[in-house]
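**Student:** Kindly return the folded structure for what I paste below:
(one chain, ligands or ions: 1)
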Amino acid sequence: MALWAGRFSKEIDKGVNAFNSSIAFDARMYRHDIQGSIVHATMLGDCGIIAKADSAQIIDGLQKILADLDSGKLVFDPNAEDIHMFIEAELTKRCGDVGKRLHTARSRNDQVALDLRLYLRDEITEIHSLTETLCKTLVYLAEKHTETVMPGYTHLQRAQPVTFAHHLLAYVQMFLRDLGRLDDTAKRMNVCPLGSGALAGTTYPIDREQTAALLRFDAPMENSLDGVSDRDYCIELANTLSILMMHLSRFSEEIILWCSWEFKFIELDDAFATGSSIMPQKKNPDITELIRGKIARVYGDLQTLLTMMKGLPLAYNKDMQEDKEAIFDAVDNVKLCLETFIPMLETMRVNKENMRAAAAKGFINATDCADYLVKKGMPFRDAYKISGTLVAQCIESGLTLETLPLEEYQKLTPLFDTDVYQAISLETCVRGRISQGGPSPDAVNRQLRQVKQCLHMTES
Ligand code: ARG
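**Tutor:** Residues are numbered from 1 along each chain as shown. You can find the predicted model right below:
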């Protein structure tokens, strides 16, 4: 018999029950559901809405249910409508009439809104900490590579020299913004819907300040209609996670490139790569490809939530039950990706020589060659043209700017002197990029100090 059976003269159709039920996916919120119910029962007792003794018995019953669910002694009933109905029915089974008093001055509408906020608040804490660990892993790696020259790219064409540390720290900046977005999301969602009732509050003298405080919310939500029908926090979190995944996916794409034979900038540890069932030579970067693939579902989850909420009239509508699978999928997959990505980074081998060799090809010092002439007084546009002519000449003759004889330089302008070789050496090119935020070791060390401060890492 359903808890709402009074109004009905028939049992629910089996197929409809299965269709309607959410216990298969909302059971994971059982701890938060019980936490919310304990606080609600405490408040009901304190406000004299139910007897203190009843409140105490309910709390005791809920704690035992929690312990039994944790230990596996009690299993979820797949036929229950949802986790809220399951726990309330179990309480009544155990405590009789007293259990039936728990739902006084409450509706499943404010209950589910509460549970989801509590659940996601914990998930955000976990994702925040994983993202911090990722940043720290990148910082440790960057500290070892402030002198590791690699080509910087635009259009995936070798452009100007950077260092591996500089490249890694660009990702740290992205992930730091993700941390900020997680904080913002957590802050905005940290208001308590409990006490909104079904939609229009309640006639009982409840204390919403007390329940909000006991559940560590900043405040009760101001409007009961909004309290039960707001799912902005799911959308905001899915958006935050989509951006985080986008960063992970861009990084993954680079790692996939870097471990190709064409680049060979890094090599993944054997424990973090896979082989081919037919091609014995293969070592595939499956993890990063999966991350690049999984972003599709996280974007999909965001789209699901946005579309689900579009056009819903106030207040609660059953459509909103669809929120959970979407946001749980996003949260689960982001955690999985971070948990796998971090040790993969920690164990990968960096091939400095190949990075340097790639930087030595491709004329990534052509801008510096032009800048050399600018420093000797030539306008940049003229210098740019001469440098371009030299590059074309080198390509023609199979030389590089480093190996082109001085006479060839001087044919174009007498401003060239032997010091040009020093000016266009890779080391000079990197060291010279001292502008704030640039790749020179000095500028990168400054960046390292800044990110370490943001991450509360002690100075080494
Ligand atoms: N399982 C429901 C959900 O996830 C709980 C709220 C049900 N409320 C209702 N009035 N049917 O949204």
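**Student:** Nearest to the ligand within the stretch 301-450 of the chain, name that residue for me.
**Tutor:** The stretch 301-450 of the chain approaches the ligand most closely through Gln321 (3.7 Å), counting by Cβ to the nearest ligand atom. C-betas here are computed from N, CA, C, even on glycine.
**Student:** In space, what's closest to that residue - neighbours in sequence excluded?
**Tutor:** The shortest distance from Gln321 to any non-neighbouring residue, by Cβ to Cβ, 6 or more residues apart in numbering, is to Ser22 (5.2 Å).
**Student:** contacting residues around that neighbour?
**Tutor:** Going by Cβ atoms under 8 Å, 6 or more residues apart in numbering, Ser22 touches Glu81, Asp82, Ile83, Gln321, Lys324.
**Student:** most neighbours, which of the residues you listed?
**Tutor:** Within the contacts of Ser22, neighbour counts (other Cβ atoms under 10 Å) peak at Ile83, which reaches 25 neighbours.
**Student:** so what pLDDT did the closest residue to it other than its chain neighbours get?
**Tutor:** Spatial nearest neighbour of Ile83, excluding adjacent residues (Cβ to Cβ, 6+ apart): Asp26 at 4.6 Å. Here, the pLDDT recorded for Asp26 equals 98.
**Student:** The one 5 residues further on now?
**Tutor:** In the predicted model, Arg31 carries a pLDDT score of 98.
**Student:** okay, now it: neighbour count?
**Tutor:** Neighbour count of Arg31, defined by other Cβ under 10 Å: 15.
**Student:** wait, it sits on Leu66?
**Tutor:** Yes. Using Cβ atoms under 8 Å, Arg31 makes contact with Leu66 at a distance of 6.7 Å.
**Student:** ok so, going back, did I read that right, the residue nearest to Ile83 in a helix?
**Tutor:** Yes. Under DSSP: H, G, I helix; E, B strand; the rest coil, Asp26 sits within a helix.
**Student:** Next up, the contacts around the residue nearest to Ile23 when sequence neighbours are not counted.
**Tutor:** In space, and not counting its chain neighbours, Ile23 is closest to Ala80: 4.8 Å by Cβ to Cβ, 6+ apart. For Ala80, the contact set (Cβ under 8 Å, 6+ apart) comprises Ser21, Ile23, Phe86, Ala89.
**Student:** The residue nearest to Ile83 - how many residues pack around it?
**Tutor:** Counted with other Cβ under 10 Å, Asp26 comes out at 25.
**Student:** how near is it to Glu262?
**Tutor:** With distances taken as Cβ to Cβ, to the nearest Å, Asp26 is found 48 Å from Glu262.
**Student:** quick one, what contacts Glu123?
**Tutor:** Counting by Cβ under 8 Å, 6+ apart, Glu123 has contacts Val331, Lys335.
**Student:** and if we set it to 7 Å?
**Tutor:** Glu123 is in contact with Val331, counting by Cβ atoms under 7 Å, 6 or more residues apart in numbering.
**Student:** Repeat that for Ile87.
**Tutor:** Residues in contact with Ile87 (Cβ under 7 Å, 6+ apart) are Tyr30, Asp33, Ile34, Ser37, Ile65.
**Student:** ok, the first one to the ligand distance?
**Tutor:** Looking back up the chat, that one is Tyr30. 13 Å (Cβ to the nearest ligand atom, to the nearest Å).
**Student:** That residue contacts Asp82, doesn't it?
**Tutor:** No. Counting by Cβ atoms under 7 Å, Tyr30 stays clear of Asp82, with 10.7 Å between them.
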